[in-house]
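Peer 1: Got a sequence here, can you model it:
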Amino acid sequence: MASPYEVTPQAAKDLLTDRKQATLIDVREPAEFALAHIEGAELIPMDSVPAELQKLEGLADSGDLLILCHHGVRSLQVTMWLRAQGIENCYSVAGGIDRWSWEVDASVPRY
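Peer 2: Numbers count the residues shown, from 1 in each chain. Next up, the predicted model:
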């Protein structure tokens with residue numbers, strides 16, 4: 001792990017596919033999501049996260065939350081905010097969807 005708040009894209013993929021113990025939450029804007037997204041990711045734009053806290057708490061009850069954005073800045077902010085709300089099992093995907101495209105799945109468009 002890059003930090004206690006982050007996981008590498010490969011570690012995130014392993015959690016999502018091998019063990020199915022996590023939910024991928026994409027906190028980018030809808031227009032960004034339309035350009036490129038990871039199959040199975042749930043879009044909850046950053047500004048909507050506080051209103052979706054109850055839903056996120058429910059998802060966290062079934063496994064880790066992996067928070068994704070473009071380069072990892074917004075996702076880290078959301079992760080830290082969620083931790084402050086008591087959701088300890090959430091992690092930012094380091095480097096965002098851009099790094100995911102480089103390291104995990106080159107078919108995900110870069111923008």
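
Peer 1: Just the CA atoms from the helix or strand bottoming out on mean pLDDT in the chain would do, formatted as PDB, please.
Peer 2: Each helix and strand of the chain was given a mean pLDDT (mean pLDDT, DSSP states H and E); the minimum falls on helix 9-17 at a mean of 94. What follows is helix 9-17, C-alpha atoms only, in PDB (Å, rounded to 0.1, in the frame of the first residue of the first chain):
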ATOM      1  CA  PRO A   9      -4.500  -0.200  -9.000                       C
ATOM      2  CA  GLN A  10      -3.400  -3.800  -9.100                       C
ATOM      3  CA  ALA A  11      -4.300  -4.400  -5.400                       C
ATOM      4  CA  ALA A  12      -7.700  -2.800  -6.200                       C
ATOM      5  CA  LYS A  13      -8.200  -5.100  -9.100                       C
ATOM      6  CA  ASP A  14      -7.300  -8.100  -7.000                       C
ATOM      7  CA  LEU A  15      -9.900  -7.100  -4.400                       C
ATOM      8  CA  LEU A  16     -12.500  -6.600  -7.000                       C
ATOM      9  CA  THR A  17     -12.000  -9.700  -9.100                       C
END
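
Peer 1: got the buried residues for that helix?
Peer 2: 9, 11, 12, 13, 15, 16 (16 or more other CB atoms under 10 Å). Every residue, glycine included, has its C-beta placed from N, CA and C.

Peer 1: Now flag whichever of these is closest to residue 94.
Peer 2: Set against residue 94, the nearest of the buried residues of helix 9-17 by CB to CB is residue 9 (7.0 Å).

Peer 1: quick one: terminal-to-terminal distance for stretch 13-30?
Peer 2: In stretch 13-30, first residue to last residue: 22 Å (CA to CA, to the nearest Å).

Peer 1: Show residues contacting it.
Peer 2: 7, 12, 33, 37-38, 40-46, 49, 56, 59, 62-70, 74-75, 78, 93, 97, 100, 104-105 (CB atoms under 8 Å, 6 or more residues apart in numbering).
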